[in-house]
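1. Here is the input, now give the coordinates:
(chains A, B, C and D)
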Protein chains: 2
Amino acid sequence: MRPDETRAKILAATDHLFGELGFDATTTRDIASRSGVNKALIHYHFGSKEELLGELLDDYYRRLTIALVGAMARSALLEDQAADVADAYGEFLAENRTFCSIVQREVASGRHVERLVSRTLPSFRAAAEWLARLAPGAPGDLELAQVLTSVYGMIVTYFTYGRVLEALTGQDPFCPAALDARKRHIRRVVALLIREMVAAPASGGGESPCPRSTPGTPRKRRGS
Amino acid sequence: MRPDETRAKILAATDHLFGELGFDATTTRDIASRSGVNKALIHYHFGSKEELLGELLDDYYRRLTIALVGAMARSALLEDQAADVADAYGEFLAENRTFCSIVQREVASGRHVERLVSRTLPSFRAAAEWLARLAPGAPGDLELAQVLTSVYGMIVTYFTYGRVLEALTGQDPFCPAALDARKRHIRRVVALLIREMVAAPASGGGESPCPRSTPGTPRKRRGS
DNA sequence: GATTGGTTTAGGCGATCGCCCAATCCAGGT
DNA sequence: ACCTGGATTGGGCGATCGCCTAAACCAATC
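-> Residues are numbered from 1 along each chain as shown, chains lettered A, B, ... in the order given. Alright, predicted model coming up:
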């Protein structure tokens, strides 16, 4: 077997297992048996379990960035761009449900936040400039950071809570019709928010609450 | 030391550690050393690590329900009730940040979904009836399940992604001023959504996508 | 003061973890 | 035919996991 084939098989198994069980509950032996390779090969190719997760996340963020940038270029109208990017995000999560679980878990643990931030910061800055251009004088309670957080939350929560929603509504939230309904809903809310931001009078913006609390000590995973 | 004191100390330590490290990465020895009790006492009082998490979650949901019901009764106006409940949810999460992390992780793993659903279902049904009364003919893309999911996502995402937001914005998202700003934003969006739902023409509702996919097999934790 | 029953303790069992090692395999260059 | 170096293998090391056991502790009861 070619070396990159081995790597790909390990990554695929890792993706599935980390998504289902989580990093901590998945053993390297699980990954080895699921991918059909010797367990020593995992450390040979990736160094450690931690670095394996790192490569997996890097791969996801690379593809996500491509998808979002592509969606951004789809329309020339600023109003449509927002909904297009939101759509693309939702579609990416729908096609990569494990990614959603993995990120959610890592964020909850405060681990890999640096990676997530470094990958997200450019998009965040771009979206900020973009929104500032669209609605230069949005009021404080429709500040761009607030709106971005809300829209992001609307998108990801649907997927992270998919199983809960299924139990609550009795319907499969990931079937094409349900995904389409969700997409329409998000487009509607995004349009609503943008309309409101643009129409709102330029109030005194945000009064800049407090500086950051802790000096940003990254939490370490146990045993490293 | 009185037995219930011991239990309380164990639960407090468990809460902190599960919130910071997660269930899997926390050992019963960690809990014992942090709470200052013998490690065998954990199993004496709670049976197993799993049941310990169960009692912790039960306690949280009990208090959360009280908080939400209380908020519901604060105003007689339907429009205000929605924002009040959203406020109460946000305040509860602000005061119980570990709860947010724990739930997020469990949901991502598909574990304890039954518990979460059984605790959430009454509130969900109540909110559904309530919203149906408020906006009997909301259009499909403002369906109550969609709106509920979105508002819920807006609230919880702010807390689960707190550390990310801090790195992105350079400000402490949990200081009083920031929490208040977030609260005002959410109130605004909730008001916006309700206004839109009420004003919208009664379209053909949801066309009921698909039945549930899997017959609801709960994922089991490893080694149980 | 002996007894009782709930509570606490130190110690350890079996299983499993991530990771490492020496040996082996094998395709490509000489 | 020989050599070389990356890829692969089985085996195992030290550490740590959740949980259990037998003994000790201790206030309340008679």
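2. can you list the domain ranges for chain A.
-> A:1-47, A:52-199 (automatic domain parsing).
3. Comparing the ones you listed, which comes out most buried?
-> domain A:52-199 (a mean of 19; mean count of other C-beta atoms under 10 Å in any protein chain shown). Glycine gets a C-beta too; all of them are placed from N, C-alpha and C.
4. hmm, that domain touching DNA strand D?
-> No - Domain A:52-199 does not reach DNA strand D (C-beta under 7 Å from any atom of the strand); its nearest approach is 14.1 Å.
5. Show the end-to-end separation of that domain, please.
-> 48 Å (C-alpha to C-alpha, to the nearest Å).
6. What mean pLDDT does that domain get?
-> On average, the pLDDT along domain A:52-199 is 89.
7. close to DNA strand C, is that domain?
-> No - judged by C-beta under 7 Å from any atom of the strand, domain A:52-199 makes no contact with DNA strand C; its nearest approach is 7.7 Å.
8. What's the per-residue pLDDT of residue A:19 here?
-> For residue A:19, pLDDT reads 96.
9. tell me the contacts of it?
-> Residue A:19 sits next to A:97, A:98, A:99, A:101, A:102 when contact means C-beta atoms under 8 Å, 6 or more residues apart in numbering or on different chains.
10. ok, for it, nearest residue in space, not its chain neighbours?
-> residue A:98 (2.6 Å; C-beta to C-beta, 6 or more residues apart in numbering or on different chains).
11. The strand or helix carrying that neighbour - contacts with which helices or strands?
-> Using DSSP states H and E, residue A:98 sits in helix A:97-109. Under the contact criterion of 3 or more C-beta pairs under 8 Å, 6 or more residues apart in numbering or on different chains; DSSP states H and E, helix A:97-109 touches helix A:3-21, helix A:49-72, helix A:78-95, helix A:113-134, helix A:144-160, helix B:97-109, helix B:144-160.
12. would you turn the domains of chain A into CSV with distance to residue B:110?
-> Rendered in CSV, the data for these read as follows (distance: least, C-beta to C-beta, whole Å):
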stretch, distance to residue B:110
domain A:1-47, 7
domain A:52-199, 5
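13. Nearest spatial neighbour of the spatially most central residue of chain A, chain-adjacent residues omitted?
-> In chain A, the centroid-proximal residue (C-alpha atoms, centre = their mean) is residue A:100; its distance is 6.1 Å. Nearest in space to residue A:100, with sequence neighbours left out and distances taken as C-beta to C-beta, 6+ apart, is residue A:159 at 4.5 Å.
14. need the contact list for the one you found.
-> A:90, A:93, A:94, A:97, A:100.
15. I figured residue A:127 hits residue A:144, correct?
-> Yes - in this structure residue A:127 lies within contact range of residue A:144 using C-beta atoms under 8 Å: 7.4 Å.
16. which residue sits closest to residue A:9, ignoring its sequence neighbours?
-> Nearest one to residue A:9, counting by C-beta to C-beta, 6+ apart, is residue A:35 at 4.3 Å.
17. Please apply the same query to residue A:16.
-> Closest to residue A:16 by C-beta to C-beta, 6+ apart is residue A:98, at 6.5 Å.
18. With residue A:210 instead?
-> Closest to residue A:210 by C-beta to C-beta, 6+ apart is residue B:175, at 3.9 Å.
19. Next one: the one you found from residue A:116, what distance?
-> 22 Å (C-beta to C-beta, to the nearest Å).
20. follow-up on the earlier one: contacts only, for the residue nearest to the centre of chain A.
-> Neighbouring residues of residue A:100 by C-beta under 8 Å, 6+ apart: A:93, A:156, A:159, A:160, B:108.
21. Quick check: the first one touching residue A:99?
-> Yes - between residue A:93 and residue A:99 there is a contact at 6.9 Å, judged by C-beta under 8 Å.
22. Hmm, residue A:119 and residue A:65 touching each other?
-> Yes - if you go by C-beta under 8 Å, residue A:65 and residue A:119 touch, sitting 7.4 Å apart.
23. Now the common contact residues for these two.
-> With C-beta under 8 Å, 6+ apart, residue A:65 and residue A:119 have no common neighbours.
24. before we move on, the earlier item: now the residue nearest to residue A:210: phi and psi?
-> Dihedral angles of residue B:175 (phi, psi; degrees, to the nearest 10) stand at phi -70, psi 160.
25. So residue A:167 is in contact with residue B:117, correct?
-> Yes - using C-beta under 8 Å, residue A:167 is in contact with residue B:117, at 4.3 Å.
26. how close does the closest residue to residue A:150 other than its chain neighbours get to residue B:92?
-> Of all residues not flanking residue A:150 in the chain, residue B:154 sits nearest, at 4.3 Å (C-beta to C-beta, 6+ apart). Using C-beta to C-beta, we find residue B:154 at a distance of 15 Å from residue B:92.
27. I'd like the distance between the residue nearest to residue A:19 and residue B:172.
-> Taken as C-beta to C-beta, the span from residue A:98 to residue B:172 is 32 Å.
28. Report the contact partners of residue A:59.
-> Per C-beta under 8 Å, 6+ apart, neighbours of residue A:59: residue A:11.
29. typo on my end, it should be residue A:117
-> B:164, B:167, B:168.
30. what residues does the helix or strand hosting the last one touch?
-> It stands for residue B:168. According to DSSP H and E, residue B:168 maps onto helix B:162-169. Here helix B:162-169 makes contact (C-beta under 8 Å, 6+ apart) with A:107, A:110, A:113-114, A:116-117, A:120-121, A:124, A:145, A:149, A:212-213, A:216, B:97, B:158, B:172-174.
31. so who does residue A:189 touch?
-> Residue A:189 touches A:151, A:154, B:150, B:193, counting by C-beta under 8 Å, 6+ apart.
32. now, which of the residues you listed sits nearest residue B:85?
-> Nearest to residue B:85 among those, counting by C-beta to C-beta, is residue B:193 at 13.3 Å.
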